[in-house]
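Participant: Only the shape, not the letters, is given here:
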Ligand code: PBG
């Protein structure tokens, strides 16, 4: 007897019946970049379709995204000015704090996640306090925790620490609880690699380090077992959601975290992963929508419950269109 897997591939209804992985609009988180000014909408050259938006613009962008079906956003900020201690990160009227309040007014139902890091706010562009050319861990924790508490005070539903300082999840949990934000959740960038795929983001957030690189705190790309230790630490410090970043070139790691941990799992389809698809599509070399959906599906199939992607709106539109066709 010949085995015939093709029997179940004969038409769209049969394929849908046996489909193992389905993307839904609820899966996606849309990243947005807040910048100073009024009426500012500045496209990022290495990320077509992604903009630096002033607070007024980010509020309307967020509510337009909500109307398309986006249910969660993650906010990054470009401060008015930068300094050694990243004071813009935890200022009560900081750029992200103001963006959170404005979005909350325009789109009250939207889940607002605040990226919690110092690199966009430090004059040297590193994710922590620098002394003698080194990024100090424990000195940075206090500022990171203060940033998270001020984002929670502004109304963030979740904070997302991305600095890769040891102990940052525990420090944030303690600061949140001490200031009455025990219901603010932590989505931890637990497994974050020192990746060249963040290049376009650093243009968007103007956060490239002035000297050196991030290899002394972000993970070394060849390591997967070490990722389990990072995830374990954040789990034990009180993370509510774990994240792996980037996504597509680390699907093996994503799968390992999925198999070992029962927390909700997020994956960040980062700026460079977005830019690769965009650039090839603009050259007419690939079918953008199909490559986008195949890529996002692969991330979900590997185990992500949540996908942070600059393609959130387009993916939701594609899902809605295929549901009605
Ligand atoms: C902040 C941060 C970065 C990204 C998310 N949070 C940049 C970095 O670590 O250099 C990258 C996101 C992307 O590339 O889309 N530390």
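Facilitator: Yep, it's here. From a predicted model like this one, the values you see are computed outputs, not experimental measurements. Numbers count the residues shown, from 1 in each chain.
Participant: need the residues of this protein near the ligand, please.
Facilitator: 115, 117, 119, 127, 162, 198, 201-202, 214, 270-271 (Cβ under 6 Å from any ligand atom). Bear in mind the C-beta positions are built from the backbone N, C-alpha and C, glycine included.
Participant: Just the ones of the residues you listed in strands?
Facilitator: Under the assignment DSSP state E, the residues of the chain next to the ligand contribute residue 115 to strands.
Participant: Which pair in the residues of the chain next to the ligand has the greatest spatial separation?
Facilitator: 127 and 271 (16.3 Å; Cβ to Cβ).
Participant: which residue packs closest to the residue of the stretch 101-250 of the chain found nearest the ligand, ignoring adjacent ones?
Facilitator: Going by Cβ to the nearest ligand atom, the ligand is nearest to residue 201 of the stretch 101-250 of the chain, at 3.1 Å. Closest residue to residue 201 apart from its sequence neighbours, by Cβ to Cβ, 6 or more residues apart in numbering: residue 271 at 3.8 Å.
Participant: Likewise for residue 87?
Facilitator: Closest residue in space to residue 87, ignoring its immediate chain neighbours: residue 121 at 7.1 Å, by Cβ to Cβ, 6+ apart.
Participant: if I look at that neighbour, how far off is residue 129?
Facilitator: Distance from residue 121 to residue 129, counting by Cβ to Cβ, to the nearest Å: 11 Å.
Participant: So for these two, which residue has more residues nearby?
Facilitator: residue 121 (27 against 23; other Cβ atoms under 10 Å).
Participant: where does that one land on pLDDT?
Facilitator: Here the pLDDT value assigned to residue 121 is 97.
Participant: what does the average pLDDT come to for the helix or strand residue 318 falls within?
Facilitator: According to DSSP states H and E, residue 318 maps onto helix 312-324. Across helix 312-324, pLDDT averages out at 94.
Participant: List the buried residues for that helix?
Facilitator: For helix 312-324, a neighbour-count test (16 or more other Cβ atoms under 10 Å) marks 312-316, 318-319 as buried.
Participant: can you tell me which of these lies nearest to the ligand?
Facilitator: Nearest member of the buried residues of helix 312-324 to the ligand, counting by Cβ to the nearest ligand atom, is residue 312, at 12.5 Å.
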